[in-house]
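Peer 1: pasting the sequence and the predicted model now:
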Amino acid sequence: MKYKHGATEGEYHFIDDAGNKSASFNAKNKPRMVEEMQAWVNDGNEVEAFLNVKELAEKEAAELETAKTAYIGLRLSEYPPIGDQLDYIYHNGLTAWKTNVIKPIKDKYPKP
């Protein structure tokens, strides 16, 4: 669960992990907001405070960029050494190498 300031001064929102706004508060009902936040924390949920929408957007963009490239490192760690791959191609052909060596790893770690 995330907590962030709204677009206007004194407006606050709780955002669930799917990005849906689950509750909104303004300066008039701030005590209720504090009680709700404390209840979520007491239930074991994390609450992240964001100063503004721009900060939230930047954080989410960074997380998305990391997710976009995470598969690369995972694939690289799974591929056999280049010498073994070349030997496989020599003995079994390029099509077999793509099907039996490369495709299973790409299927295991797909692009996001």
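Peer 2: Nice, I can see it.
Peer 1: helix or strand right after the helix or strand encompassing residue 65?
Peer 2: Following DSSP states H and E, one finds residue 65 within helix 53-78. Next helix or strand after helix 53-78 toward the C-terminus (DSSP H and E): helix 82-92.
Peer 1: which secondary structure elements does whichever helix or strand comes after that following helix sit against?
Peer 2: Helices and strands here follow DSSP H and E; after helix 82-92, the next one along the chain is helix 94-97. Where contact means 3 or more CB pairs under 8 Å, 6 or more residues apart in numbering; DSSP states H and E, helix 94-97 is packed against helix 82-92. From N, CA and C alone the C-beta is placed, and that goes for glycine too.
Peer 1: now do stretch 68-80, average pLDDT.
Peer 2: Across stretch 68-80, pLDDT averages out at 91.
Peer 1: just for this protein, where's the confidence low?
Peer 2: 1-54, 56 (pLDDT under 70).
Peer 1: if we use 50, what do you get?
Peer 2: Scanning the chain with the threshold set as pLDDT under 50 gives 1-7, 50.
Peer 1: what's the end-to-end length of stretch 84-103?
Peer 2: End-to-end distance for stretch 84-103, by CA to CA, to the nearest Å: 16 Å.
Peer 1: return the set of buried residues in it.
Peer 2: Of the residues in stretch 84-103, 88, 97, 101 count as buried by neighbour count, 16 or more other CB atoms under 10 Å.
Peer 1: likewise for stretch 71-85?
Peer 2: Going by neighbour count (16+ other CB under 10 Å), the buried part of stretch 71-85 is 71, 75.
Peer 1: quick one: contacts of stretch 100-112?
Peer 2: The contact list for stretch 100-112 (CB atoms under 8 Å, 6 or more residues apart in numbering) reads 67, 68, 70, 71, 74, 75, 78, 79, 80, 85, 88, 92.
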